[in-house]
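Colleague: What follows is a predicted structure for the sequence shown.
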Amino acid sequence: MSHPNVVESLSALELFADFDSERLERLVERGQSCQVDSNVVLFHEGDEGDILYLILDGHVSVVTRQDPDKVYTLGAGDVIGEIALLDGLPRTATVKTNVACQLFRLSRENLEAFLEVEPAFAFGLMKVMNKKIRASLGRERQLNASLKSANQELERLNLTLESLVEKKTEQLRKAIEDLRSMVERDPLTGVYNRRKFDELLENLIAQQNRMSLIMLDVDHFKRLNDTHGHQAGDRVLMQVAAVSEEVLADNQYLARYGGEEFGIILEGVELDKALEIAESIRNSIQSHHFSVRDIPPGHVCASLGVATFPGQAQDVPSLIEAADKALYRAKENGRNRVEVAEV
């Protein structure tokens, strides 16, 4: 069956600049074109991510619970939901139509089927996702060295994959896997984000692996922001992350839990060693010379709470709660110190 209207709409998008009508027909046969009214929520943050949407006409708003005051707008030619569809994890934002929109829906199963016959479409998706990542990074005031390196690697892939995509589909699939890893990183500090932190904890506890958890909070961070400005605060967070990672070894993972709080997962590490690592991180932060004007060494410090599994907790929520309570006790006892969870 021919779908001239949908094919014509798709052909106008930059994503399909190199596709003829016959190739677009193959895509249309695997998806679904639909009209959606204004103010309709396409999906909520946390929903299962098994469908991507191409915006053929109209525009939508994108907002996250972590930063509800920032609303981003996507319009014709943009793709929605491709990251969650690729990594299989829940949606990372809520998307709602601003006006009546014409959309094209494609499920994970149908996308994979289409990629089998049109692997070049994956390269187009990578370019769209690259633009989104670039836009997100552009909104951050500072980027650390690891994100710069990741972005340079993505540029290299974009230059080389175009010539290989038709005959080396497996290499292209590997490039998409590399792109997924970027979704796991916090764009400001370059360490793991909250989503990856939760995933690591859940997997390790499901396997009954012994571990320790450190929760770290930068002391008086609001006062630092108010005194020196948010750009200075961002640079402090980036350097706190870098200094903390230098202390860690293999199978020890640092993540930005939220704001100025970090979580550190120590796989296979018992309490005594965890306390030693926590104290080393605390001391490294306190003695670090932060490259921020008017912030002398020793001015930035952190409080840390330590808990172990299964010794002091039986599941993910209780482990985080135990480490958090120890962290709050460190705050109450004067800050710039390490406290252990109570049994």
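Modeller: In hand now; what should we look at?
Colleague: got the domain boundaries for this structure?
Modeller: For the chain, automatic domain parsing gives the domain ranges 1-114, 119-183, 194-340.
Colleague: tell me the most buried of those?
Modeller: domain 194-340 (a mean of 18; mean count of other C-beta atoms under 10 Å). Just so you know, the C-beta spots here come from the backbone N, C-alpha and C atoms, and that holds for glycine as well.
Colleague: Out of the domains of the chain, name the one with the poorest average pLDDT.
Modeller: Mean pLDDT values for the domains of the chain show the minimum at domain 119-183, a mean of 62.
Colleague: so how far does it reach from one end to the other?
Modeller: Domain 119-183 has an end-to-end distance of 22 Å (C-alpha to C-alpha, to the nearest Å).
Colleague: what distance separates the start and the end of stretch 248-266?
Modeller: First-to-last distance for stretch 248-266 - C-alpha to C-alpha - comes to 9 Å.
Colleague: a strand runs through A255, doesn't it?
Modeller: Yes. Under DSSP: H, G, I helix; E, B strand; the rest coil, A255 falls within a strand.
Colleague: Distance of it relative to Y192?
Modeller: 4 Å (C-beta to C-beta, to the nearest Å).
Colleague: Same question for I83.
Modeller: The value you get for I83 to Y192, if C-beta to C-beta is used, is 16 Å.
Colleague: same deal with A241?
Modeller: On the measure of C-beta to C-beta, A241 and Y192 end up 10 Å apart.
Colleague: Find the residues that touch each one of those two.
Modeller: By C-beta atoms under 8 Å, 6 or more residues apart in numbering, A241 and Y192 have these common neighbours: L254, R256.
Colleague: Find residues that contact each of A255 and Y192.
Modeller: D186, L200.
Colleague: need the helices for this structure, in chain order.
Modeller: 4-11, 21-28, 82-87, 108-117, 120-139, 145-164, 169-183, 194-206, 221-228, 230-247, 271-287, 316-332 (DSSP state H).
Colleague: which residues touch T189?
Modeller: Contacts of T189 (C-beta under 8 Å, 6+ apart): N144, L237, M238, V240, A241, A242, R256.
Colleague: Now it: closest residue in space, sequence neighbours ignored.
Modeller: Nearest residue to T189 in three dimensions, chain neighbours excluded: A241, at 3.9 Å (C-beta to C-beta, 6 or more residues apart in numbering).
Colleague: dump the residue contacts of the one you found.
Modeller: Contacts of A241 (C-beta under 8 Å, 6+ apart): N144, T189, G190, V191, L254, R256, F262.
Colleague: Check the spacing between I265 and Y253 real quick.
Modeller: 4 Å.
Colleague: tell me, what's touching those two both at once?
Modeller: In contact with both I265 and Y253: F197, L200, using C-beta under 8 Å, 6+ apart.
Colleague: Hmm, N110 is touching E29, no?
Modeller: No. N110 is beyond contact range of E29, at 9.0 Å (criterion: C-beta atoms under 8 Å).
Colleague: Just the ones of the contacts of A241 in strands?
Modeller: Among the contacts of A241, the residues falling in strands (DSSP state E) are L254, R256, F262.
Colleague: Skipping its backbone neighbours, what lies nearest the second one in space?
Modeller: Put plainly, it is R256. D186 is the one closest to R256 (C-beta to C-beta, 6+ apart), at 4.2 Å.
Colleague: Let me know how buried the one you found is, in neighbour terms.
Modeller: 25 (other C-beta atoms under 10 Å).
Colleague: Could I get the contacting residues of it?
Modeller: Counted by C-beta under 8 Å, 6+ apart, D186 has contacts Y192, N193, A255, R256.
Colleague: what's the spacing between it and S212?
Modeller: Counting by C-beta to C-beta, the gap from D186 to S212 is 22 Å.
Colleague: what's the answer for R26, then?
Modeller: Distance from R26 to S212, by C-beta to C-beta: 52 Å.
Colleague: Please apply the same query to S21.
Modeller: In terms of C-beta to C-beta, S21 sits 59 Å off from S212.
Colleague: again, but for I285
Modeller: Distance from I285 to S212, by C-beta to C-beta: 19 Å.
Colleague: Over to K325?
Modeller: 15 Å.
Colleague: cool, and I265?
Modeller: In terms of C-beta to C-beta, I265 sits 8 Å off from S212.
Colleague: Repeat that for D219.
Modeller: Taking C-beta to C-beta, one finds D219 at 22 Å from S212.
Colleague: And V338, by the same measure?
Modeller: 12 Å.
Colleague: got a list of what Y192 touches?
Modeller: Y192 neighbours (C-beta under 8 Å, 6+ apart): E184, R185, D186, L200, Y253, L254, A255, R256.
Colleague: What of N110?
Modeller: N110 touches R30, G31, counting by C-beta under 8 Å, 6+ apart.
Colleague: So S33 is in contact with V6, correct?
Modeller: Yes. When contacts are counted by C-beta under 8 Å, S33 is listed as touching V6 (4.5 Å).
Colleague: okay, and the common contacts of these two?
Modeller: Contacts common to S33 and V6, judged by C-beta under 8 Å, 6+ apart, are L56, F104.
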